[in-house]
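# Structure of the sequence below:
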Amino acid sequence: MDIFGDALLDYQAGNYSEDIITFSSLDETDIMPLPYLFREFSRMPKLEQKALQLCNGKVLDIGAGTGSHSLWLQDKNISVVALDHSKGAIKTCELRGVKNCICSDIYSTKNQKFDTLLLLMNGIGIAGSLNRLDQFLKHLKELLRPGGQILLDSSDIIYMFDEDEDGGRWMPASPNYYGEVIFTMSYKGIKSMPFSWLYLDENTLKNATRANNLNCEIVSRGDHYDYLARLTLEKY
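As a prediction, the model looks like this:
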């Protein structure tokens with residue numbers, strides 16, 4: 001089942017009739033507008049624009065989706081490979097003109113080196129949960145050339161929890177980190193299997209990168225608890 005890819009291919013073929021609906025463990029129902037996933041550079045958030053402008057060398061666009069980021073880099077004569085585990089997403093990338101595409105999950109991507117690893121639209125969420133974040137970062141390090149960088153954006157979703165009179169937040173009684181969310185997608189009446197996604201606050205990201213011998217620089221912050229980070233290998 002490839003609900004995400006099916007929706008992208010429908011839009012690409014001119015058969016746009018509805019958007020993807022997402023349901024989360026935070027009791028939130030949201031709409032993922034398909035036209036937005038095909039946006040050009042001018043319609044991208046400032047954090048995404050900044051990340052693209054910082055890309056250099058050979059780039060791996062992880063979770064490439066429709067290939068919008070890859071296409072912009074390609075137009076700037078930057079070598080880029082679009083990676084996505086969705087067959088429909090990769091087919092969409094190819095139809096839109098992305099030259100180098102790989103249909104694979106990130107952990108199956110091995111024996112290659114890149115100067116920039118790009119994880120946008122909260123791409124760090126691929127890690128799934130906090131206890132799998134170390135494994136994820138270690139694998140990313142294996143894909144980095146010396147002097148390379150990881151560019152990622154994420155959000156601190158603390159704002160989604162009720163605030164008390166003292167400015168604190170009422171957190172659910174759970175042993176899990178509050179940024180771990182379970183999602184389900186629905187498109188044309190078909191529901192996906194649940195999948196986990198991770199949102200990271202800045203301090204948690206910095207602690208995780210420090211534990212994995214990575215430097216973490218917060219490049220810029222958005223207007224609503226979101227930020228762009230640049231990770232680099234520590235020098236000895």
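# For the closest residue to Lys138 other than its chain neighbours, give its distance to Tyr16.
Among residues not flanking Lys138 along the chain, Asn212 sits closest, at 6.2 Å (Cβ to Cβ, 6 or more residues apart in numbering). The C-beta positions use only the backbone N, C-alpha and C, and glycine is treated the same way. Relative to Tyr16, Asn212 is positioned 41 Å away (Cβ to Cβ, to the nearest Å).
# out of those two, which sits in the more crowded spot?
Legend: neighbour count by other Cβ atoms under 10 Å for Asn212 and Tyr16, higher for Asn212 (19 against 13).
# Quickly note the distance from the more buried one to Leu95.
37 Å.
# for whatever helix or strand Asn203 lives in, which positions count as buried?
According to DSSP states H and E, Asn203 maps onto helix 202-211. Across helix 202-211, burial judged by 16 or more other Cβ atoms under 10 Å covers 204-206, 208-209.
# Check stretch 20-34 too.
Under 16+ other Cβ under 10 Å, the buried positions of stretch 20-34 are 20, 22-25, 34.
# Using CSV, lay out the residues you listed together with pLDDT and secondary structure.
Below are those laid out as CSV (pLDDT from 0 to 100; DSSP: H, G, I helix; E, B strand; the rest coil):
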residue, pLDDT, secondary structure
Ile20, 98, strand
Thr22, 97, strand
Phe23, 97, strand
Ser24, 95, strand
Ser25, 92, coil
Leu34, 98, helix
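# Return the member of those residues nearest to Met160.
Distance to Met160, by Cβ to Cβ, is smallest for Ser24 among the buried residues of stretch 20-34, at 9.5 Å.
# Identify the bridge partners of that closest one.
Ser24 has these beta-bridge partners by DSSP bridges: Phe183.
# my read: it touches Asp30, true?
Yes - using Cβ atoms under 8 Å, Ser24 is in contact with Asp30, at 7.4 Å.
# if you count residues, which strand in this structure comes out on top?
strand 144-155 (DSSP state E).
# got the buried residues for that one?
For strand 144-155, burial by neighbour count (16+ other Cβ under 10 Å) applies to 144, 148-155.
# what ranges do the strands span in this protein?
20-24, 29-32, 59-62, 80-84, 101-103, 114-119, 144-155, 180-187, 190-191, 195-198, 214-221, 226-233.
# Show me what the shortest one is packed up against.
Taking 3 or more Cβ pairs under 8 Å, 6 or more residues apart in numbering; DSSP states H and E as contact, there are no helices or strands that strand 190-191 lies on.
# Can you tell me the strand partners of it and which way each runs?
strand 180-187 (antiparallel).
# got the buried residues of strand 144-155 as TSV, with pLDDT and distance to Ile124 columns?
TSV is the format used below for these (pLDDT from 0 to 100; distance: Cβ to Cβ, whole Å):
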residue	pLDDT	distance to Ile124
Leu144	97	15
Gly148	97	17
Gln149	98	14
Ile150	98	9
Leu151	98	11
Leu152	98	5
Asp153	97	8
Ser154	97	5
Ser155	95	10
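# Adding distance to Pro45 as columns, could you present the residues you listed in TSV?
Below are these laid out as TSV (distance: Cβ to Cβ, whole Å):
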residue	distance to Pro45
Leu144	25
Gly148	24
Gln149	20
Ile150	19
Leu151	14
Leu152	14
Asp153	8
Ser154	13
Ser155	11
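# of the residues you listed, closest to Lys110?
Closest approach between the buried residues of strand 144-155 and Lys110, by Cβ to Cβ: Leu144, at 12.9 Å.
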